[in-house]
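Visitor: The following comprises the amino acid sequence and a computationally predicted model.
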Amino acid sequence: MLTVRGLSRAYGEALVVDEVTFDVRPGRLTGFVGANGAGKTTTMRMLMGVLAPTAGEVLWDGAPITTEQRRTFGYMPEERGLYPRMSLVDQLVFLARLHGLDKAAATERARHLLDHFGLDERRDDLLDSLSLGNQQRVQVAAALIHRPTALILDEPFSGLDPLAVDSMVELLNDEVGPDVPVLFSSHQLELVERLCDDLVILSGGRVVVAGATDELREGGPLRYRVVVDDPTVLESLPGATLDRRDGDAAFVTISEGDPADLLAHLTGRTRVSEFHRHVEPLAHVFREATR
Ligand SMILES: Nc1ncnc2c1ncn2[C@@H]1O[C@H](COP(=O)(O)OP(=O)(O)OP(=O)(O)O)[C@@H](O)[C@H]1O
């Protein structure tokens, strides 16, 4: 497991990452979300050891991480970092060799990834002749070249259309080992909500929400969407309040007691055609957390 503990970074007087703590669990896709300037890239750089923290540490399986261990990670930096004027296959082979693969194994691995990423026919083309989506694929392939033990991706989906995002996720699922922790940053909350097992929300350099995506969504207020024949019964509810109406539907938050009791109360007074849990999208959780 990869752990970030109390990580901080100051530039002069400005504390841009402020005691950030979270885990990236094995085999889980963790989304690192925050507005522009929240501190995601700075945190990821410190995680990878390319930027020194002002305070705090990074742990790998509970012990301070070593340079050797970091070398086994895959990293896609914000500034990318492949050579625009080198052919795809040459640079993947070059990177694989930097990671210690011999020439035959490096060529085999590069060819496998290019083939799997649908780029085999482009293998002799220069990176900057590819579409943005394909360039991103090559960047991800580069991060995967040495079968990394952890994967840190800075905005891997930026600029991709929804189909390209899905295809990238499929490739990651196929190519990333089952116990590998994966952290990726994004400012697209809807995308993260859809893709991630775990979520860390950063705002102004601080973690404002962290946890399993499902639990964060389900852990919100106990809100129900209700449709009844006689809406006047909603004006006084035991252990619940009417939040708002939207056409025929009303949204009710249960503050105490069981939803079943509220349903029984309503059905005793009017016909109830809808009564189900309304889970807020994470954008709502984010807004609440950063208010
Ligand atoms: N070298 C630097 N010197 C001074 N300030 C910096 C430096 N690098 C980053 N910052 C500041 O630190 C803050 C966090 O930046 P960072 O790039 O980590 O945010 P981010 O969440 O990755 O944003 P984005 O989504 O825009 O990439 C910003 O206010 C940025 O201006």
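Guide: Arrived safely.

Visitor: What does the pLDDT read for the one residue in the stretch 51-200 of the chain that gets nearest to the ligand?
Guide: Ranked by Cβ to the nearest ligand atom, the top residue of the stretch 51-200 of the chain for proximity to the ligand is His187, at 5.4 Å. From N, CA and C alone the C-beta is placed, and that goes for glycine too. His187 carries a pLDDT score of 84 in this model.

Visitor: Kindly report the same for the one 4 residues further on.
Guide: We note a pLDDT of 84 for Leu191 in this prediction.

Visitor: SS state for the most centrally placed residue in the chain?
Guide: Nearest to the geometric centre of the chain sits Gly31, at 1.5 Å (Cα atoms, centre = their mean). Of the three states, Gly31 takes strand under DSSP: H, G, I helix; E, B strand; the rest coil.

Visitor: residues from the stretch 1-150 of the chain in reach of the ligand?
Guide: Tyr11, Val16, Gly34, Asn36, Gly37, Ala38, Gly39, Lys40, Thr41, Thr42, Glu78 (Cβ under 6 Å from any ligand atom).

Visitor: ugh, typo on my part, it should be the stretch 151-291 of the chain
Guide: So far as Cβ under 6 Å from any ligand atom goes, the stretch 151-291 of the chain lies against the ligand at His187.

Visitor: quick one, helices of the stretch 151-291 of the chain?
Guide: 162-175, 189-195, 213-218, 259-267, 282-290 (DSSP state H, counting those that start in this stretch).

Visitor: So which of these has the densest surroundings on average?
Guide: helix 189-195 (a mean of 19; mean count of other Cβ atoms under 10 Å).

Visitor: Need the residues that contact that one.
Guide: 29, 31, 33, 157, 165, 169, 186, 199, 213, 217, 281-283, 286 (Cβ atoms under 8 Å, 6 or more residues apart in numbering).

Visitor: Closest to Glu235 out of those?
Guide: Pro281 (27.9 Å; Cβ to Cβ).

Visitor: How far does stretch 58-67 sit from its chain's centre?
Guide: 22 Å (Cα atoms, centre = their mean, to the nearest Å).

Visitor: cool, and stretch 161-172?
Guide: 14 Å.

Visitor: cool, stretch 185-203 as well?
Guide: For stretch 185-203, the distance to the chain centre is 4 Å (Cα atoms, centre = their mean).

Visitor: repeat for stretch 47-63
Guide: 20 Å.

Visitor: average pLDDT for that stretch?
Guide: 96.
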